[in-house]
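Visitor: for reference, the sequence and a predicted model appear below.
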Amino acid sequence: MSDIVISKINEFFHELDFVKVNINGKVVLEHKNGFYKLTKGETHSYFLEYARSVQEAHHNCYEDVEA
């Protein structure tokens, strides 16, 4: 996650009390027992995905978050 946009978004989430956790060797954000994964697409697009439980996150079962 060396992308500067992702770094700034992660800083914002940290200010909102999201916590970085390691699941399957990947850093994801945890907040109120939900797990969020932020990734960069191919053409300057970014995706925020959500898993409802640690089990879903462990099995990489994330859903797109709609804003």
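Guide: Right, received. Where do you want to start? Predicted model only: the values in this text are computed from it and were never measured.
Visitor: after the strand or helix carrying residue 11, which helix or strand is next?
Guide: Assigned by DSSP states H and E, residue 11 falls within helix 4-15. Downstream of helix 4-15, the first helix or strand assigned by DSSP H and E is strand 19-23.
Visitor: look at the residue nearest to the spatial centre of the chain and tell me its secondary structure.
Guide: With distances taken as C-alpha atoms, centre = their mean, the residue of the chain nearest its centroid is residue 37 (2.1 Å). Following DSSP: H, G, I helix; E, B strand; the rest coil, residue 37 is assigned to strand.
Visitor: I'd say it and residue 46 touch.
Guide: No: shown here, residue 37 and residue 46 do not form a contact pair, counting by C-beta atoms under 8 Å, at 11.1 Å. Yep, even glycine has a C-beta here, placed from its N, CA and C like the rest.
Visitor: between the lowest-mean-pLDDT helix or strand in the chain and strand 19-23, how big is the angle?
Guide: Least confident helix or strand of the chain, by mean pLDDT, DSSP states H and E, is helix 4-15 with a mean of 89. Between helix 4-15 and strand 19-23, the angle formed by their directions is 110 degrees, by axes from the mean of the first three to the mean of the last three C-alpha atoms, to 10 degrees.
Visitor: list the buried residues of helix 4-15.
Guide: 9, 10, 13 (16 or more other C-beta atoms under 10 Å).
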